[in-house]
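3D, please:
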Amino acid sequence: LCLKRKLVDDCLSKDCKSRRVKSENGPSFDSLAKRCNCCCTRPNLANDCVNFLKSGTPSRVMYYKKGSWLNFPEQIMKSLIDEFKGNKSSVVSVMDDEPILVDFLSMTLVNLKTRKQRSVAWFDDTGK
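Next up is the predicted model:
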């Protein structure tokens with residue numbers, strides 16, 4: 001499974017935000033707040049590009065939604081795999097009557113109508 005970054009959807013939750021409190025000795029993090037483990041820190045484009053180039057052809061492509069990894073519909077998955085084989089780093093398609101962009105470099109799915117982003121992952125032909 002090619003998971004190179006934290007999940008984009010997790011950034012939307014209130015639990016993701018780290019609360020800061022002012023103490024007498026200066027700023028500190030609230031001990032009750034969860035540490036921010038979201039996508040706020042993004043890898044750089046060079047690393048994304050190297051990961052894309054090193055990855056084998058996907059055998060299965062998934063997207064993250066409501067706490068679960070879901071397979072793309074078969075027709076879209078076939079298109080994604082074919083475009084990946086053709087060294088395309090992104091693919092525009094339609095899913096659930098909404099235009100989407102799947103970007104293999106940033107490993108995101110973007111709904112072009114709502115601008116909502118989701119994480120994308122895949123198993124390549126080596127099973128990784």
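
Tell me which residues are up against stretch 49-64.
2, 4, 7-9, 69-72, 77, 80-81, 84-85, 89, 102, 104-105, 109, 118-128 (CB atoms under 8 Å, 6 or more residues apart in numbering). Any C-beta I mention is one placed from the backbone N, CA and C, and that applies to glycine too.

mind redoing it with 6 Å?
Judged by CB atoms under 6 Å, 6 or more residues apart in numbering, the contacts made with stretch 49-64 from elsewhere in the structure are 2, 4, 7, 9, 69-72, 77, 80-81, 84-85, 104-105, 109, 118-126.

now the strands for the chain?
With strands called from DSSP state E, the chain shows them at 20-23, 26-29, 58-65, 68-71, 90-95, 98-103, 108-111, 117-124.

which ones are touching residue 89?
Residue 89 is in contact with 104-105, counting by CB under 6 Å, 6+ apart.
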